[in-house]
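Peer 1: Have a look; sequence and predicted model below, questions after that.
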Amino acid sequence: MEAPAAILALVLAMTAVGGSALVWFFPTWGAVRHGYEVLSAALVALLAWGAWGSLRAPVRTLESTASASDGQLALTLLLVLAIASGLAALLLVVPAPAVLARLVGGAGTLAGLASFVPLAAIRAARDGAGGLPQGVAELLLGSLLLGGIWAGMVLGHWYLVERRLTNRYMVVMAWTNIAAVVAGLVSVLLSGRNPAPCEDLTGAAFQACAQTFSPILRIGSMTLTLGIGVLALIALIAGFNLKLAREGGRSIQASTGMYYLAVILAPAAEFAAKVRFF
């Protein structure tokens with residue numbers, strides 16, 4: 001399960017879950033056109049589908065182990081998130097009550113959140129530090145970081161569609177991103193309790209692992225250094241975003257441009273953290 005595909009699946013799943021939560025439970029509901037939810041839900045569906053696809057091969061390696069059922073459950077819940085998000089987007093397009101779409105999307109979000117439990121259980125079965133609680137906490141914190149920044153970028157683009165939209169929602173999103181940076185920092189620091197890639201392996205197992213991960217990532221606390229360094233840049237961007245969001249007007253476009261940088265950097269921080277997850 002320590003294969004790069006499993007790490008990619010975690011990053012995609014956290015982005016999908018965090019983004020889905022902000023789509024259906026953020027104050028923008030009922031204040032913007034439903035096209036925003038259609039776009040966001042469709043993107044969440046693609047992210048969740050990508051997570052499901054990336055996780056399939058690593059889960060197959062768990063066959064004949066005690067964690068096999070946890071792997072299958074995680075796959076099922078991620079697929080539920082993908083299907084529910086796609087269905088919610090469709091319900092907003094066809095003549096159906098908007099509240100029904102929100103219920104379906106919210107149910108998908110809960111399924112995505114539930115997938116963190118079996119994923120953390122797989123980690124705990126491999127003697128992960130802190131057991132199940134820390135595993136779930138790391139995934140929740142990562143989902144806030146990735147989902148918050150992703151949702152901020154999408155919302156910023158939506159201001160180009162609804163130009164009369166008040167800057168209130170962008171300000172709230174900017175504060176959400178500041179909280180996301182704090183969550184990301186805690187996520188990276190918690191990952192430091194786990195061994196670096198290949199650290200506890202010997203012989204053929206070490207050689208196979210060494211061919212999978214870059215030597216840089218296997219150096220002591222290098223993943224922590226990378227994660228914290230990237231988060232420092234994201235924190236700077238979050239500060240700029242808050243100032244620009246408060247100004248409103250064309251500054252929203254500038255803020256959206258800053259989100260592009262954050263969307264590129266945030267996965268790098270979580271990759272650095274989650275490379276130690278399993």
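Peer 2: Arrived safely, thanks for sending.
Peer 1: Tell me which helix or strand the closest residue to residue 192 other than its chain neighbours sits in.
Peer 2: Nearest residue to residue 192, sequence neighbours excluded (Cβ to Cβ, 6 or more residues apart in numbering): residue 224, at 5.0 Å. C-beta: built from backbone N, CA, C; applies to glycine. According to DSSP states H and E, residue 224 maps onto helix 222-247.
Peer 1: ok, now residue 162?
Peer 2: Using DSSP H and E, residue 162 sits in no helix or strand.
Peer 1: Helix, strand, or coil at the nearest residue in space to residue 115 that is not next to it in sequence?
Peer 2: Nearest non-adjacent residue to residue 115, counting by Cβ to Cβ, 6+ apart: residue 77, 3.7 Å away. When classified by DSSP: H, G, I helix; E, B strand; the rest coil, residue 77 comes out as helix.
Peer 1: Give me the distance from the helix holding residue 224 to the chain's centre.
Peer 2: Helix 222-247 sits 16 Å away from the centroid of its parent chain (Cα atoms, centre = their mean, to the nearest Å).
Peer 1: Just the CA atoms of the helix or strand just after that helix, as CSV, please.
Peer 2: Stepping forward along the backbone from helix 222-247, the first helix or strand reached (DSSP H and E) is helix 251-274. The C-alpha trace of helix 251-274 is given here as CSV (Å, rounded to 0.1, in the frame of the first residue of the first chain):
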residue,chain,number,x,y,z
SER,A,251,-9.1,42.3,-6.6
ILE,A,252,-11.1,39.1,-6.6
GLN,A,253,-9.5,38.3,-10.0
ALA,A,254,-6.1,38.8,-8.5
SER,A,255,-7.0,36.6,-5.6
THR,A,256,-8.1,33.9,-8.0
GLY,A,257,-4.7,34.1,-9.6
MET,A,258,-3.1,33.6,-6.3
TYR,A,259,-5.2,30.5,-5.8
TYR,A,260,-3.6,29.0,-8.9
LEU,A,261,-0.3,29.0,-7.1
ALA,A,262,-1.9,27.6,-3.9
VAL,A,263,-3.6,24.8,-5.9
ILE,A,264,-0.2,23.7,-7.3
LEU,A,265,1.6,23.9,-3.9
ALA,A,266,-1.0,22.3,-1.6
PRO,A,267,-0.8,18.8,-3.2
ALA,A,268,3.0,19.0,-2.9
ALA,A,269,2.7,19.6,0.8
GLU,A,270,0.3,16.7,1.2
PHE,A,271,2.4,14.4,-0.9
ALA,A,272,5.3,15.1,1.4
ALA,A,273,3.2,14.3,4.4
LYS,A,274,1.3,11.3,3.1
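Peer 1: Check which helices and strands helix 251-274 sits against.
Peer 2: Packed against helix 251-274, as judged by 3 or more Cβ pairs under 8 Å, 6 or more residues apart in numbering; DSSP states H and E, are the following elements: helix 4-25, helix 131-158, helix 168-191, helix 222-247.
Peer 1: Specify the angle between the first one and helix 131-158 in degrees.
Peer 2: On the basis of axes from the mean of the first three to the mean of the last three Cα atoms, to 10 degrees, helix 4-25 is oriented at 60 degrees to helix 131-158.
Peer 1: Using the three-state scheme, assign the residue nearest to residue 68 when sequence neighbours are not counted.
Peer 2: The shortest distance from residue 68 to any non-neighbouring residue, by Cβ to Cβ, 6+ apart, is to residue 62 (4.8 Å). What three-state DSSP gives for residue 62 is coil.
Peer 1: if we can go back for a sec, would you mind listing the buried residues in the helix holding residue 224?
Peer 2: Buried residues in helix 222-247, counting neighbours by 16 or more other Cβ atoms under 10 Å, are found at 222-224, 226-228, 230-231, 233-235, 237-238, 240-242, 244-245.
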